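> when you get a sec, could you give me coordinates for this:
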Amino acid sequence: MAGVSPAELAPGFVEVLHQLGLTVTSTTSTSGPGGVTVAHHDTLGTGKGTTAPHPGFPTDLQPQLTAFLSQVEGRSVITETLYDQRDTHCSELRKLGIRVQQTGPHLSITGRRLPTSGTVNPQEIRCAAAMLVLAAAGTHTTTLIDQGHLTRGYADFLSKLRQLGFDTQPTE
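Residues are numbered from 1 along each chain as shown. All right, here's what the predicted structure looks like:
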């Protein structure tokens, strides 16, 4: 990611990435701003995250991490301590074959489950972003009924997805 330094990332989020076996390092560039590189060298492990106010693990990243953890071998757990209703992504993930169970504030994600094709209706921006994380995980087709959350939250978002290799097509 260009123009971002590791110091700008919430330490709680970086800690979860380290648990998974990912390294977060600064990059430099002679042609523009430096950035962040995230890499792994071995098989990714399971993770545990507990949301907390800054500098902890941000609740706004919890749905995207849930989608990511569904692709990691084993069982991961995320505990939501800030918002009781931060779970709209769970039912949408299940529509795509993802195994996520909720018990109170705890989400249990049983991973390495390739998503199936399906239609989802994300009810808020974090859920929509989680669907895109999952869409990047395989060769299935994910149809988002309402892209409004993405387009209002991210400038020129569909064009950026195309630049990353996503096949974005409007639905009727």
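
> so where is the chain shaky, pLDDT-wise?
Of all residues in the chain, those with pLDDT under 70 make up the ranges 1-2, 29-32, 170-172.

> tell me which residue is most central in it.
Gln64 (2.2 Å; Cα atoms, centre = their mean).

> and the helix or strand containing that residue, what does it pack onto?
For Gln64, the element it lies in under DSSP states H and E is helix 62-69. Applying 3 or more Cβ pairs under 8 Å, 6 or more residues apart in numbering; DSSP states H and E, we find helix 62-69 packed against strand 75-79, helix 88-95, strand 106-110, helix 125-135. Where C-beta positions appear, they are placed from N, C-alpha and C, glycine not excepted.

> give the buried residues for the second one.
By neighbour count on 16 or more other Cβ atoms under 10 Å, the buried set for helix 88-95 is Thr88, His89, Cys90, Glu92, Leu93.

> how about the first one?
When neighbours are counted by 16+ other Cβ under 10 Å, the buried residues of strand 75-79 are found to be Ser76, Ile78.

> that strand vs strand 106-110, what angle?
160 degrees (axes from the mean of the first three to the mean of the last three Cα atoms, to 10 degrees).

> burial count for Thr103?
A count of neighbours around Thr103, defined by other Cβ atoms under 10 Å, yields 8.

> could you measure from it over to Phe68?
Thr103 sits at a distance of 20 Å from Phe68 (criterion: Cβ to Cβ, to the nearest Å).

> same check, this time on Ala155
Ala155 sits 23 Å away from Phe68, going by Cβ to Cβ.

> which of these two has more residues huddled nearby?
With neighbours defined as other Cβ under 10 Å, Ala155 and Phe68 compare such that Phe68 has more, 23 against 8.

> which residue is the nearest non-sequential neighbour of the more buried one?
Nearest non-adjacent residue to Phe68, counting by Cβ to Cβ, 6 or more residues apart in numbering: Val133, 5.6 Å away.
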